[in-house]
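K.L.:
what follows is a predicted protein model with its sequence.
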There are 4 protein chains.
Amino acid sequence: MSIHEECGVFGAIAKTNLDIGNLVYYGLYALQHRGQESCGIVVNDDGVFTSHKDLGLVGEVFGGGALSALPQGKIAVGHVRYGTTGGNNRNNCQPIEVNHQKGRMAIAHNGNLSNTAELRDSLELSGAIFHTTSDTETIAYLVTKERLHSGSIEEAVSRALPSLEGAYSLVLMSPQKLILVRDPHGFRPLCFGKTADGIYVAASESAALSAVGAEFIRDVAPGEIVVFDGENVVSRTEHCNKKPKKLCAFEYIYFSRPDSVIDGISVHKARFRAGEILAERRPADADIVFGVPDSGLDAALGFSHLSGIPYTIGLIKNKYIGRTFISPGQSTRIDQVNIKLSAIVDNVKGKRVVLVDDSIVRGTTSGRIVKLLRDAGAKEIHMRISSPPFLHPCYYGTDIDSEGNLIACKYTVDEIAERIGADSLGYLSVENLSEMIGNRSYCSACFDGDYPTAIPSDTRKDRFEQKLSVKSGADNLREGLLP
Amino acid sequence: MSIHEECGVFGAIAKTNLDIGNLVYYGLYALQHRGQESCGIVVNDDGVFTSHKDLGLVGEVFGGGALSALPQGKIAVGHVRYGTTGGNNRNNCQPIEVNHQKGRMAIAHNGNLSNTAELRDSLELSGAIFHTTSDTETIAYLVTKERLHSGSIEEAVSRALPSLEGAYSLVLMSPQKLILVRDPHGFRPLCFGKTADGIYVAASESAALSAVGAEFIRDVAPGEIVVFDGENVVSRTEHCNKKPKKLCAFEYIYFSRPDSVIDGISVHKARFRAGEILAERRPADADIVFGVPDSGLDAALGFSHLSGIPYTIGLIKNKYIGRTFISPGQSTRIDQVNIKLSAIVDNVKGKRVVLVDDSIVRGTTSGRIVKLLRDAGAKEIHMRISSPPFLHPCYYGTDIDSEGNLIACKYTVDEIAERIGADSLGYLSVENLSEMIGNRSYCSACFDGDYPTAIPSDTRKDRFEQKLSVKSGADNLREGLLP
Amino acid sequence: MSIHEECGVFGAIAKTNLDIGNLVYYGLYALQHRGQESCGIVVNDDGVFTSHKDLGLVGEVFGGGALSALPQGKIAVGHVRYGTTGGNNRNNCQPIEVNHQKGRMAIAHNGNLSNTAELRDSLELSGAIFHTTSDTETIAYLVTKERLHSGSIEEAVSRALPSLEGAYSLVLMSPQKLILVRDPHGFRPLCFGKTADGIYVAASESAALSAVGAEFIRDVAPGEIVVFDGENVVSRTEHCNKKPKKLCAFEYIYFSRPDSVIDGISVHKARFRAGEILAERRPADADIVFGVPDSGLDAALGFSHLSGIPYTIGLIKNKYIGRTFISPGQSTRIDQVNIKLSAIVDNVKGKRVVLVDDSIVRGTTSGRIVKLLRDAGAKEIHMRISSPPFLHPCYYGTDIDSEGNLIACKYTVDEIAERIGADSLGYLSVENLSEMIGNRSYCSACFDGDYPTAIPSDTRKDRFEQKLSVKSGADNLREGLLP
Amino acid sequence: MSIHEECGVFGAIAKTNLDIGNLVYYGLYALQHRGQESCGIVVNDDGVFTSHKDLGLVGEVFGGGALSALPQGKIAVGHVRYGTTGGNNRNNCQPIEVNHQKGRMAIAHNGNLSNTAELRDSLELSGAIFHTTSDTETIAYLVTKERLHSGSIEEAVSRALPSLEGAYSLVLMSPQKLILVRDPHGFRPLCFGKTADGIYVAASESAALSAVGAEFIRDVAPGEIVVFDGENVVSRTEHCNKKPKKLCAFEYIYFSRPDSVIDGISVHKARFRAGEILAERRPADADIVFGVPDSGLDAALGFSHLSGIPYTIGLIKNKYIGRTFISPGQSTRIDQVNIKLSAIVDNVKGKRVVLVDDSIVRGTTSGRIVKLLRDAGAKEIHMRISSPPFLHPCYYGTDIDSEGNLIACKYTVDEIAERIGADSLGYLSVENLSEMIGNRSYCSACFDGDYPTAIPSDTRKDRFEQKLSVKSGADNLREGLLP
């Protein structure tokens, strides 16, 4: 059973050997928000692969000399990973590297296959062994098997893809080439650009191209394979447009950086529009509007813009509380949310407040924030959420909490408002999403259950039961954001 | 020669033994922005002092079991420290702890004495030895000497103070008491409050009281000594109001959190007013206004409010780039500022922009941000600074760059605008400060050279020359913020 | 190309869940001398495998809470590894763990296959991918392939073995069983015993059984498979005695602990006899005899016993110089051997000395020890080596230096004596080995080139050239011992 | 109340700047056996002191770049420290460094003052503050006070000494000089030598001079001050020979390396003689004799030599079990001594054994070793101890267990033999010590209570009671040895 995760991928290919690991390091820094559990870089120096991967943030893993210990090379790939499993599972760090009959290969993967179990069963029956629980290893096997009978690595990739179902944006490195692959639905973003020095770079988000000084060229199309050999760029579109495009709507709502542009849509603008829609469809009579930092800020601006209610800064986030925050015993009865967020009392006291956030999972954190604002003297609190309610699990790489924990599965909007202590609560509707994003080519299965692919038949129940035994699933994701 | 630094102090005293170290840990998290180099906590269990101090952020130093290894206690003090010296100078970690004839004492100090050299000379001539280069040790000596002839620790503190000149907000712990001291000018903030459980807590900023769930009681008055013994609170005001109050203006401009209220003035409001003043006195014809995150945001809101120019989010800060960011060799020619800050192109392209920041030191970073916005398509960039130009050194605990490096010492405002590439540039004037803060009880010596105390006669030149050999002084401070 | 190494393996199986990781931890401590580069433990709690593996000594890797973080279980396997490659190759840490069609499997391997290249080629042609450069992964693949068509894991192991050539002592763990395997030649030792609590334990050396309080039962026979399921012990001897036994002679000479008994022969006694043989065949007229600590001590006792020359302590080894020893720049011109070894001058001065060591690789260290003793006043130094000269590479898991570096490949015994500065030099002859060990069932290929299996045809030259580019190969091994 | 410890000191002074830190690093490695808790080096580059000190072994503390980060210099001092207090007491790391009126000073101290309490009281009454609990800080104060009125640092040292009572071997560094001081009784060793490059080096033991390639010149005389300025060596002997020499007898019995020569006596020879005396006065009818490694080996050789009973190796010590050894929960009921020591069964089985060890503290370890040998089949075990029974506390820097824990305080020799399970037990007598050492100039207070100085009047009882609350005191020391 594979672990579901959200990740970020990065790749670069130059014409000559240079400190290409540094470039990838910068790129991963710009993608750190997509995964904070582990990260890794593999550098390719004329077919010799050297890698460094470990649990931790990019700055932690590549501090202490690890970055400068990477050799020069022409090609490199990198990965940041978010995983729900705790502990010391270094095995699952990416990019994964394998040796096969025609040489070495490294793969960085963002997404999640929905038919992993079947693929794995079939491979195991042919004698395959697996070192990791990641479905990336399954992809590596399938490509390897095809490679034996293919004239090139890209041909092998092309042949392997039809058996994959679900979400995969891949950056794959062979001894001579860098290959980008996006699944036919285009669930996860992937784009590429070029630096002034002629280095091609690929990344999950356009913001990471800018971070390394590269100019954005274009998004990889759903179903497309793009092959770089340092000089030329070749596109293979065997599967392009064979299936409807289904970019994960949550990329706009929460995952991606506001300064990224995904498939032609500015993330900031989409969020701003979500705020405007909320102001129009879920209006509130209030004195001020502000967002929960950082992911509620853009929509709060949009709400203020359309409603005319003044925008302000109402909550301050402690920027030092991250992965290192340890929670000591509760003998002193301090509410953790008070350490992470605090109100600017002068702005809040005696005011009727519109508070904008991106989503509600269990409702626990929202309830605490509402209480914090009440303690700061807010007279009324009208909560607005820039996404529809979560109602269904995701099989494409997002780790949403189990249905049993999702507050929207158990209560009506009014009941939720009451439970979190808000004077009113308004969500975006599923229908609003197309207005927010500006097209209909997105996946909204977690909101409406409309899955673009077959879903794992037997795992649904299991999966949730398993997750119940793990602590806090999606609220972890959620709480991971707060810092 | 003492090292100049900005720091944060915290203290707590309960009626009975409890996990008081946890409380201080939370408090230091809330004060982390005041010092990221080192931190420490000393817990007092009925006269037995146990401490943990090290280089690093609060989460790093107290992770790995160090926090839970602290014993329970009735009293504890903590400290976060920013220092300009690099390397492994653990010796200077605070709170400092000393044994003297009447027992133990721990002191956490925010500020800087201006007559350290004289005091140290005199102590050394009586046989004193010094383990650190911190002037806190000097204070400890003077208190100790008076303690021999005093009936109580607070009496000793009171007798020692007259010989100190300069800035000191102290949290001092004896076996039985917690004592707060603020210098007669009140250069640095210090306040205290009380939790629902009856624990008294003291902190550099009110936001840290809120973080631990304590209700703010009041600021310590300049020159006041406040003594807590677990039950009672006694104020000694021998020196109160003997000298004009001179709170560091930079506490409002940059140092303190926007959600803190210092000496009755909301930091956010002061910054908002600075923005309004800039909009009135240094107006600009523009399409949008935004701030450099995080410290320019409040003033940008004020500028927008008074000018009517729409407020937006124009720059995104990478929240993962902190102390751990290592800068690899520049072979790939990436501009570091692109990793730390990036523009939301959709908001900036083709726009006339008002960009608000809190200060300019050397001008290097400002120049890079202007270029970044030009690259994102900004048509005009009007930079507004929510403080007057830096022209003079500080002797009260702020580490400002040497005059030779301060751009305002060398160029006119128009010349600076040209050097950083802005279409126009406007500072707050020194006169505006009283309007911004709402009173005249502040120190603005770094802007106007009007020092409230005698300044070290011989050190001025030395100090700057020394600093020139150190790398980057205040730009470090500045760059430390950007992440 | 696989990496050649010497390793230690350990396994345990109980009837019920208990802290079996602790038992393996103790066992690995007792085997630490067989590999100091990395180590690992895998615990099996009813089919759920939990592992911890890392570079470092057992105490380092399992300190800091890693040991107590292992769960309870019925079965566990452990491994210590010596590798010649430096750096961060965590991938090669053992035991390796794989998932296959019928569940999980963990393998700890001591030895080296001589037909790895052929086996890997063949597997890769069937689509296999390899994560490591270790031949243990090859074994895992072969067992997995057979497992698909076998009724039990032990049957799969039995079917896979005929294709393996070379040295392998395996401890293999399936969800329900612990399986011991020793290759048909029995190149590497493997034995098992039982604790008073009824826990079966297996180890490379009998000393590790004693260390955990287990009573030795017997050695695994060459070619034997021993299967434990917690209750019963079943032996499969399909291949037993099909080939002549060839235990590595160097296990007696140097690798194993003197308190181990391998295949019925006490290691201490074998070394003692080597000393006696040297005294008889390579006598010396001297005042005292002593050994190079620690591995020369047993033979020195034997030399003294037969010759009647008094035994003494002539050299002290610094027991703190281990893996952590860093060698700073040589500006101070200190001879490193002086830090590691020093003479007891009172015992050496003016004396004619017999100095016994276990082997000479490049001769550099021997030369330095001789000089050290001359500086301490030794009048004559007669060096005696308790093994024949190294002349050939090993393909069965011992990393011997390249022929170009082996002093015995280039010089006669007299020339070597002159080069190292000894007054005389005497080796054991190849013929003496049978006398020393007491039987003829050993491999002495590194001394006489008489390989029990086919050797890799094309790799010989390559291998040495490669090794030349690596630093110091066997002298590393050698120097690793000195500490 | 100062902490009692055994330590090692090292110093070096050259004519010109060089990598003198490396030299001290090597020297400390050679002295590591004298203290494993913490270590430090201070380098003096023309008056600028740079230091690195931390908890850990020399290789740990100076690994990871810390050694190479030390600057070049002309003078340097180093220290290794053994402390009985656990935890994170970095404050007590030495050498201590202080700033005083005439500059900087660093002191490395081996020994313990017996009048610390009085000295500290008096200093505190004059306003002194103490940062550490070490009596070295007291010495620093006294020297500093005299320095104010002295023409030179050596004059200040000379004036300060008369007020000190107890044990102190000091290596003291001023901006221009290296100064050696040994207390009038000469409780602790101290010697110096010179390298071929003309660098003067000083160390606790002669073996450390050899380790850095220096030739031994002579021991510092009791009461002597030796002053080095890079060119000249000046001896001040104001106090020399004013008091009877009292070198700690335990330096010969256990503390010092066998290859050291202390005050003209070879440590190995003294131990060998102890073995001979035991063979003569405490004979045993036995088949073999061997020692508990490592400190019982020399005496075992002596016992064998005089008695004619063959010497052998009976016990093997696991050389990897050191400070890093963690002891997991005892669920698996493994006797720890089995991990640390193991028997060579072939040598022990059926034999009547003489087992030689250096001392017995609580008897626990001895009892386990006897049991281990019985389990290995020893027929009779005759234990011989190369020192008299411990009966009294030490006030001069050795941390002996409390009287309540000392087995010899509670039982007769025959009773002890019975408790540890030995067939017979024989100690050296106090009278034998002069024969062993070859003179009468030693302190044997821990054996006979004959203290050369006044002892702390009130602390005796306190001290023991305190120690009872600490875990395991001297058995820790003892167990520290076993690894």
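P.N.:
Great, that's in hand.

K.L.:
what about the nearest residue to A:Gln176 once chain neighbours are set aside, how many residues nearby?
P.N.:
Nearest non-adjacent residue to A:Gln176, counting by C-beta to C-beta, 6 or more residues apart in numbering or on different chains: A:Asp229, 6.1 Å away. Heads up, the C-betas are built off the backbone N, CA and C, glycines and all. Neighbours of A:Asp229 under the rule other C-beta atoms under 10 Å in any protein chain shown: 18.

K.L.:
relative to A:Gly21, how far out is A:Asp229?
P.N.:
Note on A:Asp229: its distance to A:Gly21, by C-beta to C-beta, to the nearest Å, is 20 Å.

K.L.:
the nearest residue in space to A:Tyr396 that is not next to it in sequence: what's it in contact with?
P.N.:
Distances taken as C-beta to C-beta, 6+ apart place A:Ala167 nearest to A:Tyr396, at 3.7 Å, with adjacent residues excluded. Residues in contact with A:Ala167 (C-beta atoms under 8 Å, 6 or more residues apart in numbering or on different chains) are A:Asn110, A:Gly111, A:Asn112, A:Leu113, A:Ser114, A:Asp183, A:His185, A:Phe187, A:Arg188, A:Cys248, A:Tyr396, A:Gly397.

K.L.:
and A:Ala207, by the same measure?
P.N.:
Contacts of A:Ala207 (C-beta under 8 Å, 6+ apart): A:Ala30, A:Ser256, A:Arg257, A:Asp259, A:Ser260, B:Ile316, B:Ser342.

K.L.:
for A:Gly350, what are its contacts?
P.N.:
Per C-beta under 8 Å, 6+ apart, neighbours of A:Gly350: A:Gly377, A:Lys379.

K.L.:
what's the pLDDT at it?
P.N.:
We have a pLDDT of 97 for A:Gly350.

K.L.:
same question for A:Ile107.
P.N.:
Looking at A:Ile107, the pLDDT reads 97.

K.L.:
quick one, longest strand in chain A?
P.N.:
Criterion DSSP state E: the longest strand present in chain A is strand A:7-18.

K.L.:
ok, and does the helix or strand following that one reach over to chain C?
P.N.:
Heading C-terminal from strand A:7-18, the first helix or strand you meet, by DSSP states H and E, is helix A:20-31. No - applying C-beta under 8 Å from any C-beta of the partner chain, one finds helix A:20-31 separated from chain C by no less than 13.8 Å.

K.L.:
please report how far the residue nearest to A:Tyr396 lies from chain B.
P.N.:
24 Å (C-beta to the nearest C-beta, to the nearest Å).

K.L.:
for A:Ile277, same thing?
P.N.:
In this view, A:Ile277 and chain B are 18 Å apart by C-beta to the nearest C-beta.

K.L.:
so who does the closest residue to that residue other than its chain neighbours touch?
P.N.:
Nearest non-adjacent residue to A:Ile277, counting by C-beta to C-beta, 6+ apart: A:Asn432, 5.0 Å away. By C-beta under 8 Å, 6+ apart, the residues touching A:Asn432 are A:Ala274, A:Ile277, A:Arg281, A:Pro388.

K.L.:
how confident is the prediction for A:Asn432, by pLDDT?
P.N.:
96.

K.L.:
got the phi and psi for it?
P.N.:
Note on A:Asn432: its backbone torsions stand at phi -60, psi -20 [degrees, to the nearest 10].

K.L.:
do the same with A:Ser307
P.N.:
Torsion angles at A:Ser307 (phi, psi; degrees, to the nearest 10) stand at phi -80, psi -20.

K.L.:
quick check: which element contains the residue nearest to it when sequence neighbours are not counted?
P.N.:
Once flanking residues are discounted, A:Ser307 sits nearest to A:Ala279: 4.1 Å by C-beta to C-beta, 6+ apart. According to DSSP H and E, A:Ala279 maps onto helix A:267-281.
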